[in-house]
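Peer 1: Turn this into a structure:
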Amino acid sequence: ASDQINPIRHLGIGRVLMALTYGGEFTLKGGVEKPITPTNIQVDSQSAYGASAVRPVRVAKDLVYVQRAGLKVRAFTYSASDEDYDADDLTVLAEHITGAGIEGLCFQQEPTPLLHALRSDGVLATCTYSRAFGVTAWTRQSTDGEIESVCSIPVSGGEQTWALVNRTVGGATVRYVERFDPTVGTDSSVSVTGAASATWGGLSHLVGETVRCIADGADQGTFTVNGSGQITLPRTATSVQMGLDYTSTVRLLTPEMGTGEGTAQGNAMGIHEIALRFLDTYACSVNGRELSFREFGSSLLDEPPPAFSGVKRLENLGWEIGSAPVEITSTSPLGFHVAAVIRKTTVNHG
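Peer 2: Prediction:
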């Protein structure tokens, strides 16, 4: 089946037995309705990309693996139209996302299908992946430290993703086992509920670090953890969430628009209006301009700010030559979900 002799690195189960080797990808099967035996086996070469030592993961009908050099993630899957197997490159539109190489894979099936690829520099490249809906969307997740290992564990009602994180706290190297939680907006976080108090503990693992705090649903800013693992708020609260702060960033690509004079690329572009559709969002800025989400009225000042779902608009984001930069950021530990971005752009050919 091949002009090379390469060791089998991984075996996967699908319509047939799939063998990923150092030099290529193969399928193995027996005769018609017959099992594989030493004298009854058919080996077919499907592609010649080669697989790394990183253990592949099964995603629906796909066997997702890391290519031999560690820089590409591929999905080995059966193609009904070709009646054969393909090894599609999942990183073709984001080749930079794998950094210096991938060292581990895991897949969280529920509640959202997320493929996590652990990079050698401790950054997590995460892909929202659904072949049925044509979705392959990558993003980077970094923290104050390095992620050394990641795995997904089935639990009641879905799956949980856990990570081993290497951090430097108080000048010492520590390792924490932490769980991803979409309802928590800080890293290495602690959530506590109790009697009304301004002083809260439980942060002995972050002594000397600066943490962000949410108290009774409202952002209270940053505080330094004292030697007893506590912080003191400017007011009392009955429920707090405390952890390391991070910034969420969305950078949009320069759009390609066909005009009567040709491509828009390389020409002056002006964004006259941008509309952003949000879901359960509390704060964000666009190109450094803060959006207003809080609406004032009777009996509102003694309550936490409500989440916003709807459309916000900005005008006159300026002109640039060869690009139309849009950067959406949020430093708030509360919710931040951008569902859509609509731009009104003018192209000036010169």
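Peer 1: from the chain's centre, how far out does the host helix or strand of residue 328 sit?
Peer 2: Using DSSP states H and E, residue 328 falls within strand 326-330. Here strand 326-330 is found 16 Å from its chain centre; the criterion is C-alpha atoms, centre = their mean, to the nearest Å.
Peer 1: and what of stretch 16-34?
Peer 2: 33 Å.
Peer 1: Check stretch 319-339 too.
Peer 2: Centroid separation between stretch 319-339 and its chain, computed with C-alpha atoms, centre = their mean, is 16 Å.
Peer 1: for it, how far is the first residue from the last?
Peer 2: Criterion C-alpha to C-alpha, to the nearest Å; first-to-last residue distance in stretch 319-339 is 25 Å.
Peer 1: ok, now stretch 333-344?
Peer 2: In stretch 333-344, first residue to last residue: 30 Å (C-alpha to C-alpha).
Peer 1: who's in contact with that stretch?
Peer 2: The contact list for stretch 333-344 (C-beta atoms under 8 Å, 6 or more residues apart in numbering) reads 185-186, 212, 214, 219, 241, 243, 245, 248, 250, 252, 255, 271-284, 305, 307, 324, 326, 328, 330. For the C-beta atoms, the positions are set from N, CA and C on the backbone; glycine is no exception.
Peer 1: Quick check: buried residues in it?
Peer 2: 333, 334, 335, 336, 343 (16 or more other C-beta atoms under 10 Å).
Peer 1: Let me see the mean pLDDT of that stretch.
Peer 2: For stretch 333-344, the mean pLDDT works out to 91.
Peer 1: residue at max distance from the center of the protein?
Peer 2: Within the chain, the residue lying farthest from the chain centre (C-alpha atoms, centre = their mean) is residue 39, at 46.6 Å.
Peer 1: and the gap between it and residue 26?
Peer 2: 18 Å (C-beta to C-beta, to the nearest Å).
Peer 1: And for residue 71?
Peer 2: Taking C-beta to C-beta, one finds residue 71 at 22 Å from residue 26.
Peer 1: ditto for residue 324
Peer 2: 46 Å.
Peer 1: And residue 337, by the same measure?
Peer 2: From residue 337 to residue 26 the distance is 43 Å (C-beta to C-beta).
Peer 1: for residue 205, what are its contacts?
Peer 2: By C-beta under 8 Å, 6+ apart, residue 205 lies in contact with 169, 174, 176, 188, 229.
Peer 1: err, residue 24, not the other one
Peer 2: Applying C-beta under 8 Å, 6+ apart to residue 24 gives the contacts 2, 4, 6, 45, 46, 47, 48, 49, 50.
Peer 1: just checking, residue 177 touches residue 164?
Peer 2: Yes: the pair residue 177 / residue 164 is scored as a contact, 5.8 Å apart, by C-beta atoms under 8 Å.
Peer 1: any shared contact partners between the two?
Peer 2: Listed as contacting both residue 177 and residue 164 by C-beta under 8 Å, 6+ apart is no residue at all.
Peer 1: Compare those two and say which is more crowded by neighbours.
Peer 2: Legend: neighbour count by other C-beta atoms under 10 Å for residue 177 and residue 164, higher for residue 164 (15 against 9).
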